[in-house]
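**Q** Build the 3D model from these lines:
(one chain, ligands or ions: 2)
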Amino acid sequence: MLLAHKLASREYKPGDTVINVKNIEIGKNKTIIAGPCAVEDEETMVYIAMELKKMGAHILRGGAYKPRTSPYSCQGQGKRGLEILNTARKESGLPVITELTDIRNLDLLCQHADILQVGSRSMQNFPLLKELGRIKQPVLLKRGFCATLEEWLLAAEYILNEGNHKVILCERGIRSFDSYCRNTFDINAVPAVKNLSHLPLIADPSHGTGRKELVAPVARAALAAGADGIMVEVHPEPEKALSDGHQSLTLEQIHQLIADLKPFYSLIS
Ligand code: PEP
Ligand code: MN
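**A** Residues are numbered from 1 along each chain as shown. Ligands and ions are numbered 1, 2, ... in the order given. Model (predicted):
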């Protein structure tokens, strides 16, 4: 099958793309991104960041602008959330990733984030993708929950074509008929996309399953299938999390997962 993507393709660039974020080489070593779904209070965020740093995670995540299905769910703290994330970044030394939901916040996010995330719901927001093609920071592009691999790679193409070659793909599960899991993590997509494209691929088993007990096994499966890293939602008290607590690991659980992975993959310390 010949797909229409060009700049993202292995034909265009046979070797793996490696994206350097503060000496973390995404696409070369297995990368662990972890943090809460939404940025919460400063004390909690700094505590999470320091703990993650100690256990060997590489990048801190946290949403300041949350694209929620319901307008009545927590929408994130906006600018204040970015400031809190910045404090956690400074205190821990971990680079941060956060989601851009609105093109009007682009400059603000560029000042606060090391990597900008495009959420599943925004994967085909083409004006947003084009603007992200003009920034210096890497962009983590999540797969739309109903997107084919071709649609996903063509979305990446919008960013690449504007000149930003630092695109990281993120498989986060697709919608299926089974309601037991929130989404179905598409394990096929991992080796398929690694064959089709030179871009790094991160697996998100938190949204990919929607169930905390499935996060660690699906993370391991994705890495075994060739993913360049994982992005996992964590919270010190998941039952009290403002967003996505049902799929968040405790700090003890992420510590265990990282410890289990370390002997098998050359993690960056
Ligand atoms: C998130 O990472 O918290 C998020 C909203 O993810 P997705 O866009 O995959 O739903
Ligand atoms: Mn989430």
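**Q** for ligand 2, what are the nearby residues on the stretch 101-250 of the chain?
**A** Proximity of the stretch 101-250 of the chain to ligand 2, by C-beta under 5 Å from the ion, involves residues Asp244. In this view, the C-beta of every residue, glycine as well, is placed from N, C-alpha and C.
**Q** OK, now which residue of the stretch 101-250 of the chain is nearest to ligand 2?
**A** Asp244 (3.7 Å; C-beta to the ion).
**Q** What is the neighbour count of that residue?
**A** 23 (other C-beta atoms under 10 Å).
**Q** Now it. Nearest residue, chain neighbours left out?
**A** Sequence neighbours aside, Cys37 is the residue nearest to Asp244 in space, at 3.7 Å (criterion: C-beta to C-beta, 6 or more residues apart in numbering).
**Q** Tell me the confidence at the one you found?
**A** Looking at Cys37, its pLDDT stands at 98.
**Q** tell me the contacts of it?
**A** Gly62, Gly63, Lys66, Ser206, Glu233, His235, Ala241, Leu242, Ser243, Asp244, Ser248 (C-beta atoms under 8 Å, 6 or more residues apart in numbering).
**Q** Now secondary structure, pLDDT and distance to ligand 1 too, for those residues, in TSV please.
**A** Written out in TSV, the entries for these read as follows (DSSP: H, G, I helix; E, B strand; the rest coil; pLDDT from 0 to 100; distance: C-beta to the nearest ligand atom, whole Å):
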residue	secondary structure	pLDDT	distance to ligand 1
Gly62	coil	98	9
Gly63	strand	98	5
Lys66	coil	93	7
Ser206	helix	98	8
Glu233	strand	98	7
His235	coil	98	12
Ala241	coil	96	11
Leu242	coil	94	11
Ser243	coil	94	7
Asp244	coil	96	6
Ser248	coil	98	10
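**Q** What distance do you get for the nearest residue to Thr250 once chain neighbours are set aside to ligand 1?
**A** Closest residue to Thr250 apart from its sequence neighbours, by C-beta to C-beta, 6+ apart: Pro238 at 6.3 Å. The gap separating Pro238 from ligand 1 is 14 Å, by C-beta to the nearest ligand atom, to the nearest Å.
**Q** Pro238: neighbour count?
**A** Pro238, neighbours per other C-beta under 10 Å, totals 20.
**Q** pretty sure Val96 contacts Asp114?
**A** Yes. Assessed by C-beta atoms under 8 Å, Val96 is found in contact with Asp114 at 5.5 Å.
**Q** between the contacts of Cys37, which is nearest Gly56?
**A** Glu233 (17.5 Å; C-beta to C-beta).
**Q** what sits against the closest one?
**A** Glu233 neighbours (C-beta under 8 Å, 6+ apart): Ala34, Gly35, Pro36, Cys37, Arg61, Ser206, His207, Asp244, Gln247, Ser248, Leu249.
**Q** now the end-to-end length of stretch 106-117.
**A** 11 Å (C-alpha to C-alpha, to the nearest Å).
**Q** Not counting it itself, show me its contacts.
**A** 21-22, 59, 61, 79, 82-83, 85-86, 89, 95-100, 131-132, 135-140, 142, 168, 170.
**Q** which parts of that stretch are buried?
**A** Leu106, Leu108, Leu109, His112, Ala113, Asp114, Ile115, Leu116, Gln117 (16 or more other C-beta atoms under 10 Å).
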